[in-house]
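Participant: Structure for the following, please:
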Amino acid sequence: MATSYPPALDWSTANCTVGRSMAVLGERWTFVVLREVFNGVRRFDDIRRHSGIPRQVLSNRLALLVDQEILRRAPYRDDGARERHEYRLTPKGFDLYPVLVAIADWGDRYLADPGGPPVEVAHRDCGGVVHAALVCEHGHRVTDPRDVAPRPGPGGLPADEHAASDR
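Facilitator: Alright, predicted model coming up:
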C-alpha cells in the first residue's frame, strides 16, 4: 500500500521566498521598528524610547532595514545640534504595510486585552477600520484559507532526486 504524501514535497525550497523574506524580517524586533516608522516615529531616540528596543538591537535592525532598502536615512538637524538621521520608508518598505496589518489583525483577534485592540488602522476617506484580506488575481475574496492551495510557480524547481527517493 503506497503512502500518500503532500505534493509540496516534489518541489525544492532552495529558492523559497518565504525563507528569504524571513531572513530579513523574521527577527523579533523588525516589525516593531517598522510599526514605529509606519506610525510616524522616525528618529532613533524616539523609536528606542517608544518601543523599548535595546539601543544596539535597534541600531542593528535599522542598519539591516537600510541595507535591504526597506528604510532610507534622511538627514535632519535640530537648532544648535549636529546633523542626525531619521528613517523613512522606501517603496519596498511601504509594500510591507499589508503584512503589518495582517499581523495586527491576528494579534487583535487572539492576543488583545479584554478591552480590545490598542490601535486601529482607519481608512482616511471613510473612517472604516482596515483589515488584511486574501484576494485572488481575479478579484475573488477568499474567506476560508482551506480554499487556497500551493502550486509550483514560474520559478519553482523540482526537489532533488535524493529527497524524492526518500519518500
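Participant: How confident was the prediction at the residue nearest the centre of the chain?
Facilitator: By Cα atoms, centre = their mean, the chain has its centre lying nearest to Val99, at 4.6 Å. Turning to Val99, the model gives it a pLDDT of 97.
Participant: just the helices in this structure please.
Facilitator: For the chain, applying DSSP state H gives helices covering 17-25, 30-38, 44-51, 55-67, 91-94, 97-110, 161-165.
Participant: Mind putting those into CSV with distance to Tyr5?
Facilitator: The way it works is simple: take the backbone N, C-alpha and C, and place the C-beta from them, glycine included. Written out in CSV, the entries for the helices of the chain read as follows (distance: least, Cβ to Cβ, whole Å):
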stretch, distance to Tyr5
helix 17-25, 20
helix 30-38, 34
helix 44-51, 43
helix 55-67, 37
helix 91-94, 37
helix 97-110, 29
helix 161-165, 10
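Participant: Going by mean pLDDT, which of the ones you listed comes out lowest?
Facilitator: When the helices of the chain are ranked by mean pLDDT, helix 161-165 comes last with a mean of 49.
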